[in-house]
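Q: Predicted model and sequence follow; I will ask about them next.
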Amino acid sequence: MTRNVGGFDRLLRFYVGLAMIACALPFWAPQTGWNWIGWFGIVPILSALVGSCGLYRMVGLDTRPAH
């Protein structure tokens, strides 16, 4: 798996994923019945940790700085 996610993008993905998961937890956000969607925050966290994004690969995008 080749890396195609740059440093700032990885940091942003990680914090957005954490915020999404925080919305799923009952002590952070009021329970509306839609809080389960917050668990999709795992996806940006994993892509930040791995450094690769499948959607970026499909459209040919690479946010890493040039070598």
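A: Looks like it arrived, so ask away. Please read all numbers here as calculations on a predicted model, not as lab measurements. Residues are numbered from 1 along each chain as shown.
Q: mind listing what residue 5 touches?
A: For residue 5, the contact set (CB atoms under 8 Å, 6 or more residues apart in numbering) comprises 13, 47-48, 51-53, 56, 63-64. C-beta: built from backbone N, CA, C; applies to glycine.
Q: how near is it to residue 31?
A: Going from residue 5 to residue 31 by CB to CB, to the nearest Å gives 33 Å.
Q: Next: residue 24.
A: To residue 31, residue 24 is 10 Å away according to CB to CB.
Q: Compare the two (neighbour count), which wins?
A: The neighbour count for residue 24 versus residue 31, taken as other CB atoms under 10 Å, is higher for residue 24 (18 against 9).
Q: Now do the same for residue 21: helix, strand or coil?
A: helix (DSSP: H, G, I helix; E, B strand; the rest coil).
Q: Can you give me the neighbour number for it?
A: So residue 21, with other CB under 10 Å, has 17 neighbours.
Q: what's the spatially closest residue to it that is not a sequence neighbour in contact with, if anything?
A: Spatially, and ignoring its direct neighbours in sequence, residue 21 is nearest to residue 41 (4.1 Å; CB to CB, 6 or more residues apart in numbering). Neighbouring residues of residue 41 by CB under 8 Å, 6+ apart: 16-21, 23-24.
Q: quick check, nearest of these to residue 1?
A: Using CB to CB, residue 17 is the member of the contacts of residue 41 that lies nearest residue 1, at 18.4 Å.
Q: For the closest one, pull up the helix or strand it's in.
A: Using DSSP states H and E, residue 17 maps to helix 7-24.
Q: for that helix, which positions count as buried?
A: Within helix 7-24, the residues that qualify as buried are 9-10, 13-14, 17, 20-21, 23-24, counting by 16 or more other CB atoms under 10 Å.
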